[in-house]
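Q: okay, structure incoming, though there's no sequence with it:
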């Protein structure tokens, strides 16, 4: 039998990301969370400068 697949949640510190993480935990879905900063994105910096 193969190992269960793990879901990767790419999330920032936002309410929606927290909701998804809670839902995955409550549903017992195997997952890992990768946090990132929204303001660290080069695209976000470029848009802010315009």
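A: Sure, I can see it. What you are looking at is a predicted structure, and each value in this text was computed from that prediction instead of being measured. Residues are numbered from 1 along each chain as shown.
Q: list the buried residues in the longest helix anywhere in the chain.
A: Longest helix in the chain, counting residues (DSSP state H): helix 15-26. Residues 17, 20, 24 are the ones in helix 15-26 that count as buried (16 or more other CB atoms under 10 Å). From N, CA and C alone the C-beta is placed, and that goes for glycine too.
Q: so the first one makes contact with residue 34?
A: Right, residue 17. No - counting by CB atoms under 8 Å, residue 17 sits too far from residue 34 to count as a contact (10.6 Å).
Q: what do these two both touch?
A: Residues touching both residue 17 and residue 34 (CB atoms under 8 Å, 6 or more residues apart in numbering) are 9, 11.
Q: which element, helix or strand, includes residue 10?
A: Following DSSP states H and E, one finds residue 10 within strand 7-11.
Q: name the helices or strands packed onto that strand?
A: Applying 3 or more CB pairs under 8 Å, 6 or more residues apart in numbering; DSSP states H and E, one finds that strand 7-11 contacts helix 15-26, strand 31-35.
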